[in-house]
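Asker: following is a predicted model, sequence given first.
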Amino acid sequence: MSTLESAQVPLADSVPSSAPVLPVTTARTTPRHSALVRITHWITTLCFFALLITGGEIVVSHPRFYWGETGTILTKPLFKIPIPSSRSLVPTGYGYVLPDQNGWSRALHFQSAWIAVLTGLLYGIYGVFSGHFRKDLLPSKTDLSWRSFSAALRHHMLFKRPDEEEAWSYNLPQRITYLFVVFVLFPLVIWTGLAMSPGFVSAFPATVTLLGGRQSARTLHFFISIALLLFLFVHVGMVCFAGFRSRMRAMITGRISPGTEGQ
Amino acid sequence: MTDISRRKLITTGLAAAAGVSGLGVAAHLAKKYGLVPPDHGGLYGLGETLTYASQRLLTRHSFAREFSRSQISERPLPNEIAPLSDAFKRLQAGNFADWRLTVDGMVDRPTAFSIDRLKSYPSRSQITELACEEGWSYVAEWNGVPLSHVLDLVGAHPQATHVVYLSIEPDWWESMDMADALHPQTFLTYGMNGNDLPVGNGGPVRIRLPRQLGYKNVKFITHLTVTNDLKKFGKGLGSASPEGGYAWYAGI
């Protein structure tokens, strides 16, 4: 990517963009990411940050986690987070109580959750009917052999920079990771969140009983959020590694590089 | 202008018009069927309204989970409250004999009930979980009289939409819609695990609303007002919670 891109910048000034100098990129007429994928990606990003910050704020009001149905400061926690709390109820060992931020945190948490879920639904419907899941995310049959999988993994683990063609599609570890995030982590974080709603579980009690109780749901919600946060770190790290400017450009404008017309 | 862009413009315009009128129709229907919470305005009104409306559609007749006796928490947490007022302490000194629960508003017979009188009505119990918005929760057996029984006794008007309930402690009041007020699990609770309800858990009488979080289960209830206009109370947001930044509806 880097050699081609740097070679292309001076060329773009003097040579018309249709010049056959860059056969790989000029042949493309469709954007790298469709407009719907780009828009839902950034709405989800905004919601995710809002959910993360407000979720953290809510944890601060009771930084203890339990397993099973119930748990209070009078029962033994599964684990505690060694931070001060926003409630004097919780014995933290710190001599002070943080200001209560739960009101707006809860409101923003649920509003962001609504927007994220509706955005996710739109993305899911689009992904099925446009072939986005099948073409872009599901590994091809040849990719699924052990040899190509181990080769892809080795390539990945050795931190080899992706080649030009890879800017146009996802490699195997990428596909598996995105599938896991879209079809496992996001559904689980929604499920465990809903399992904490006394109103929702009154209509669908299995939502919480299957998880082993309200406190188990809360603890699982916390761990799945941590898993999503870890994904975010790796995701942003890989974007930087593969070429921050070109990858960001592709997800914002749909174009791989400034010289190639996406649409 | 090319054909394609004109067609695109027309379709986009039609879609936008359909979207706006669809939202208008949805808002009208939501109001008509009581799916709009009193704190629907403001920055987070969208989320509050979506949550309340969707839960009312799903949960109007649903029941909070009930547990077996073996699942009752050994130590039901008497969570902290601000130091109790002198008014409370005076009544506590008299063993709550002079405690009165006044019911007024859109009722045929405004009445003041003593605790003993509440206890004389058919008693019900439920083993349900009290869950705080902070994250903790416990299960207890709650004994009391269903709120619907008391509303029947005073002759609540069928046009009423909400019941406002107030604590003896200042600035502590909430309200609930009739779906909750008439729900069989909504209690005026005076007992816990077979004994009188301890003061730490809200005694002598507490609203029990197990399909909503702890903060809707107001302690030390002295006053109920049946109404069809929440705008007349406080800042018109339905309860003290939205005035302090918390949601009026706490089914989530």
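Answerer: Received, thanks. Numbering: from 1, shown residues only, chains lettered A, B, ... in the order given.
Asker: buried residues, the host helix or strand of A:Gly237. List them.
Answerer: Counting by DSSP states H and E, the element that carries A:Gly237 is helix A:214-252. For helix A:214-252, the neighbour count (16 or more other CB atoms under 10 Å in any protein chain shown) marks A:214-222, A:224-225, A:228, A:238-239, A:242-243, A:246-247, A:249-251 as buried. For glycine as for every other residue, the C-beta is placed from the backbone atoms N, C-alpha and C.
Asker: what count of nearby residues applies to B:Gly13?
Answerer: Burial of B:Gly13 is recorded as 10 neighbouring residues (other CB atoms under 10 Å in any protein chain shown).
Asker: tell me if I am right that it is in a helix.
Answerer: Yes. Counting by DSSP: H, G, I helix; E, B strand; the rest coil, B:Gly13 falls inside a helix.
Asker: residues of the stretch 51-200 of chain B that sit close to chain A?
Answerer: B:51, B:55, B:58-59, B:62-65, B:67, B:71, B:73, B:75, B:77, B:79-80, B:129, B:131-139 (CB under 8 Å from any CB of the partner chain).
Asker: specify the local secondary structure of B:Ser175.
Answerer: strand.
Asker: that one contacts B:Ala240, correct?
Answerer: No. Using CB atoms under 8 Å, B:Ser175 is not in contact with B:Ala240, being 9.6 Å away.
Asker: any idea where the helices of the stretch 51-200 of chain B begin and end?
Answerer: Using DSSP state H, counting those that start in this stretch, the helices found in the stretch 51-200 of chain B span residues B:86-93, B:115-120, B:147-154, B:178-181.
Asker: packed most tightly, which of these would that be?
Answerer: Mean neighbour count (mean count of other CB atoms under 10 Å in any protein chain shown) peaks for helix B:178-181 among these, with a mean of 20.
Asker: who has more neighbours, B:Ser175 and B:Ala240?
Answerer: B:Ser175 (26 against 22).
Asker: neighbours of the closest residue to the more buried one other than its chain neighbours, how many?
Answerer: Leaving aside its sequence neighbours, B:Ser175 sits nearest to B:Val164 (CB to CB, 6 or more residues apart in numbering or on different chains; 4.3 Å). Neighbourhood size, B:Val164 [other CB under 10 Å]: 20.
Asker: wait, what's in contact with B:Val164?
Answerer: Residues near B:Val164 by CB atoms under 8 Å, 6 or more residues apart in numbering or on different chains: B:Gly105, B:Trp173, B:Glu174, B:Ser175, B:Leu224, B:Thr225, B:Val226, B:Thr227, B:Leu230, B:Phe233, B:Ser239.
Asker: just the pLDDT for the first one.
Answerer: Meaning B:Gly105. Here the pLDDT value assigned to B:Gly105 is 98.
Asker: which residues touch it?
Answerer: B:Ala160, B:Val164, B:Leu224, B:Thr225, B:Val226, B:Thr227.
Asker: by neighbour count, which of those wins?
Answerer: B:Leu224 (27 neighbours).
Asker: how about it, secondary structure?
Answerer: On the basis of three-state DSSP, B:Leu224 is classed as strand.
Asker: what's the pLDDT at it?
Answerer: The model's pLDDT for B:Leu224 equals 98.
Asker: correct me, but it touches B:Val107?
Answerer: No. Using CB under 8 Å, B:Leu224 is not in contact with B:Val107; the gap is 9.0 Å.
Asker: in space, what's closest to A:Cys47 - neighbours in sequence excluded?
Answerer: A:Ala116 is the one closest to A:Cys47 (CB to CB, 6+ apart), at 3.8 Å.
Asker: which strand or helix spans the one you found?
Answerer: A:Ala116 belongs to helix A:102-129, assigned by DSSP H and E.
Asker: out of the contacts of B:Gly105, the closest to A:Leu137 would be?
Answerer: Comparing the contacts of B:Gly105 against A:Leu137 with CB to CB places B:Val164 closest, at 52.0 Å.
Asker: which residues touch the residue of the stretch 151-263 of chain A found nearest chain B?
Answerer: Among all residues of the stretch 151-263 of chain A, A:Gly199 sits closest to chain B, at 2.6 Å; criterion: CB to the nearest CB. Shown in contact with A:Gly199 (CB under 8 Å, 6+ apart): B:Gln55, B:Leu58, B:Thr59, B:Arg211, B:Gln212, B:Gly251, B:Ile252.
Asker: let me see the confidence value for the fourth one.
Answerer: pLDDT, the model's per-residue confidence, is 97 for B:Arg211.
Asker: number of residues surrounding it?
Answerer: 27.
Asker: and for the first one?
Answerer: As a burial measure, the neighbour count of B:Gln55 was computed by other CB under 10 Å and equals 24.
Asker: wait, it touches A:Phe200, no?
Answerer: Yes. Between B:Gln55 and A:Phe200 there is a contact under CB under 8 Å: 6.7 Å.
Asker: what's the overlap in contacts for the two?
Answerer: B:Gly251, B:Ile252.
Asker: what ranges do the strands span in chain B?
Answerer: Ranges of strands in chain B, per DSSP state E, are B:101-105, B:111-113, B:124-131, B:137-146, B:162-167, B:173-177, B:187-192, B:195-196, B:206-208, B:221-227.
Asker: roughly how far is the second one from the heart of the chain?
Answerer: Computed by CA atoms, centre = their mean, to the nearest Å, the separation of strand B:111-113 from the middle of its chain amounts to 21 Å.
Asker: same deal with the longest one?
Answerer: When distances are taken as CA atoms, centre = their mean, strand B:137-146 is centred 15 Å away from the chain's centroid.
Asker: returning to that earlier point: ok so the residue of the stretch 151-263 of chain A closest to chain B is a strand residue?
Answerer: No. Remark: A:Gly199 does not belong to a strand; assigned using three-state DSSP, it is helix.
Asker: for A:Thr25, give me the pLDDT.
Answerer: 46.
Asker: repeat that for A:Pro16.
Answerer: In this model, A:Pro16 is scored at 44, pLDDT.
Asker: again with B:Arg60
Answerer: At B:Arg60, pLDDT is 83.
Asker: now it: closest residue in space that isn't a chain neighbour?
Answerer: B:Ala179 (5.2 Å).
Asker: and the one you found, what does it touch?
Answerer: B:Gly34, B:Arg56, B:Arg60.
Asker: shaky segments in chain A?
Answerer: A:1-29, A:159, A:161-166, A:258-263 (pLDDT under 70).
Asker: could I have the buried ones of the residues of the stretch 51-200 of chain B next to chain A as ChimeraX selection syntax?
Answerer: Selecting only the buried entries of these in ChimeraX, with 16+ other CB under 10 Å as the criterion:
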select /B:51,55,59,62,63,64,65,67,73,77,79,129,131,132,133,134,135,136,137,138,139
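Asker: just how off-centre is stretch A:56-63 within its chain?
Answerer: 22 Å.
Asker: what comes up buried for that stretch?
Answerer: A:Glu57, A:Ile58, A:Val59, A:Val60, A:Ser61, A:His62, A:Pro63.
Asker: near chain B too, which of those?
Answerer: Within these, those near chain B by CB under 8 Å from any CB are A:Ile58, A:Val59, A:Ser61, A:His62.
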